[in-house]
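S.K.: Only the shape, not the letters, is given here:
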């Protein structure tokens, strides 16, 4: 008799190669139409599955976990973050939670750099103007943006992604500054020619561009408060590719 495979329920459509391999390994239930599960459907999946594969759009809080079935032993989140899962409640119920840290570091840094270029240069505005048929041609003062070469970049959260952004930004002539819970190793500071600011307030007031890369936690909720936003120079830009 073949060994019974564990029931794995996937909450969203995943890339074909991943779904195909999971079908080979497990008794796998796919979400072929990629419709986000309602909370009731998510709870039902947790009552039936031995392994749940959610994504960052699925809210797995204490209330949902309290209704999980006794067979659920693993929540394998498809993504880098776990702030959508109540880890304390999962631990109390003996459910292991895993994620995929690091896999999107370079991709997120690419997108951050893309926004850092697009925002001062008003690329999205210009693209919308052309698509609307309202662009009448070049003029000396039309759609003037700002160059980023020679400007100061303040990175809030100098982890893997923050460092990857800093490496790219140096190639565009930006001076690297950062605020972090802990100062990074001096070798990294030397490599990136980065200036550390223990005070976030002091750093913000001096930056041309601020890029946010800290996790979404109670400690970082509203980190850039109304008070801190007032510290920014009038010409400063904020790029946020972090959660929350």
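M.R.: Yep, that arrived. From a predicted model like this one, the values you see are computed outputs, not experimental measurements.

S.K.: quick one, what contacts residue 198?
M.R.: Contact analysis of residue 198 by Cβ atoms under 8 Å, 6 or more residues apart in numbering lists 179, 183. Where C-beta positions appear, they are placed from N, C-alpha and C, glycine not excepted.

S.K.: and it, what element?
M.R.: When elements are assigned from DSSP states H and E, residue 198 belongs to no helix and no strand.

S.K.: ok, now residue 109?
M.R.: helix 105-121.

S.K.: model confidence over that helix, on average?
M.R.: What helix 105-121 shows for mean pLDDT is 95.

S.K.: Which other helices and strands does it contact?
M.R.: In terms of contacts (3 or more Cβ pairs under 8 Å, 6 or more residues apart in numbering; DSSP states H and E), helix 105-121 is packed against helix 160-171, strand 209-212, strand 237-240.

S.K.: so residue 189 sits right up against residue 180, yeah?
M.R.: No - using Cβ atoms under 8 Å, residue 189 makes no contact with residue 180, being 10.7 Å away.

S.K.: mind checking how far the closest residue to residue 180 other than its chain neighbours is from residue 178?
M.R.: Once flanking residues are discounted, residue 180 sits nearest to residue 158: 4.2 Å by Cβ to Cβ, 6 or more residues apart in numbering. To residue 178, residue 158 is 4 Å away according to Cβ to Cβ, to the nearest Å.

S.K.: How about residue 88?
M.R.: From residue 88 to residue 178 the distance is 31 Å (Cβ to Cβ).

S.K.: neighbour-wise, which of those two wins?
M.R.: residue 178 (26 against 10; other Cβ atoms under 10 Å).

S.K.: rewinding a little: go through the helix holding residue 109 and flag the buried ones.
M.R.: 105, 108, 109, 112, 113, 115, 116, 118, 119, 120, 121 (16 or more other Cβ atoms under 10 Å).
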